[in-house]
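>>> Sequence and computational prediction follow.
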Amino acid sequence: MTSYLDIATSITDRVGLVEIRKPPNNFFDVSLINQIADAFAEFDADPECRSILFAAQGKAFCAGADFANRPDTGTVSESGGVITKHLYKEAARLFRAKKPVVAAVHGPAIGGGLGLALVADFRVTCVEARFSANFNRLGFHPGFGLTATLPRLVGPQQAALLLYTGRRIDGAEAVRLGLADVLVPPDQVRSAAQALAVEIAQSAPLSTQSTRETLRRGLADLVEAATERELVEQDWQRKTADFKEGVKAMGERRLPDFKGH
């Protein structure tokens, strides 16, 4: 299998493992999302793989973008001023993967990290995990396709509540809302996610993938369309004083004092 810089891959019991290895926070950038998308594509092409376990090392599943140190993460000019394929375009590739994905969310899935967790078909988690679409608390528009994926999972009303407030919820509340599917003790998250992925892999692969395609029909296109607007809105809002204040407040662990400009 391909050797990657920030992720590790392997296959056991017909389950392909994709593990993020950027501890402790597993902050993402274009490169990391590209590597995950490439690994998904590699497993799609491998007949020995029938489902994918998506996991992470460190204390967080993915804490999103490192805005405190890299406030331009996710902008079109991220790579040294050279216009490259935008992070959200790479993210949309993840939704075109063909095989079922089970995410082991053992710790925080914040901002774009929540978006990354929602790529999976199922999420196994623990009470100690934290889920938050904290974009509005940072002073800018949600991204990573969350305006499409979150309402699909929890309904438009709950999605609006989570997006407008940016509140953090624990694993138990995530399961109650339908944001996650299985709740176990923290030391069992990985093994429970592996067990679920194995159970899926025991079903007939052609019919399972066909059923998944039917259930998720149009989702990748919906995410791609959503990210087009997300990108436009984020790009101008990154230039506001509110965004600067939101990032500063996050670093100082205080409530932001937004001015509306």
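Yep, that arrived.

>>> and the closest residue to residue 255 other than its chain neighbours, how many neighbours does it have?
Among residues not flanking residue 255 along the chain, residue 249 sits closest, at 6.5 Å (Cβ to Cβ, 6 or more residues apart in numbering). Backbone N, C-alpha and C define where each C-beta goes, glycine included. Residue neighbour count, defined by other Cβ atoms under 10 Å, stands at 17 for residue 249.

>>> isn't residue 249 right up against residue 243?
No - judged on Cβ atoms under 8 Å, residue 249 makes no contact with residue 243 at a distance of 10.7 Å.

>>> coming back round to it: would the residue nearest to residue 255 count as being in a strand?
No - counting by DSSP: H, G, I helix; E, B strand; the rest coil, residue 249 falls outside a strand, being helix.

>>> Which helix in this structure has the most residues?
Using DSSP state H, we find that the single longest helix of the chain is helix 219-237.

>>> Run through the neighbouring helices and strands of that one.
With contacts defined as 3 or more Cβ pairs under 8 Å, 6 or more residues apart in numbering; DSSP states H and E, helix 219-237 has these neighbours: helix 87-94, helix 146-154.

>>> And the contacts of it?
74-76, 86, 88-89, 91-92, 95-96, 139-149, 152, 243 (Cβ atoms under 8 Å, 6 or more residues apart in numbering).

>>> Restrict those residues to the buried ones and give me that as a ChimeraX selection.
Those of the contacts of helix 219-237 that count as buried under 16 or more other Cβ atoms under 10 Å are selected in ChimeraX with:
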select :74,75,76,86,88,89,91,92,95,96,139,140,141,142,143,144,145,146,147,148,149,152,243
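
>>> Now residue 97: closest residue in space, sequence neighbours ignored.
Leaving out its chain neighbours, the residue that sits closest to residue 97 by Cβ to Cβ, 6+ apart is residue 40, at 4.1 Å.

>>> Return the member of the helices and strands packed on helix 219-237 having the minimum mean pLDDT.
The minimum mean pLDDT among these belongs to helix 87-94 (a mean of 86).

>>> residues making contact with that helix?
For helix 87-94, the surrounding residues in contact (Cβ under 8 Å, 6+ apart) are 28-30, 33-34, 36-37, 40-41, 73-74, 78, 115-116, 119, 143-145, 220, 223-224, 227, 230-231.
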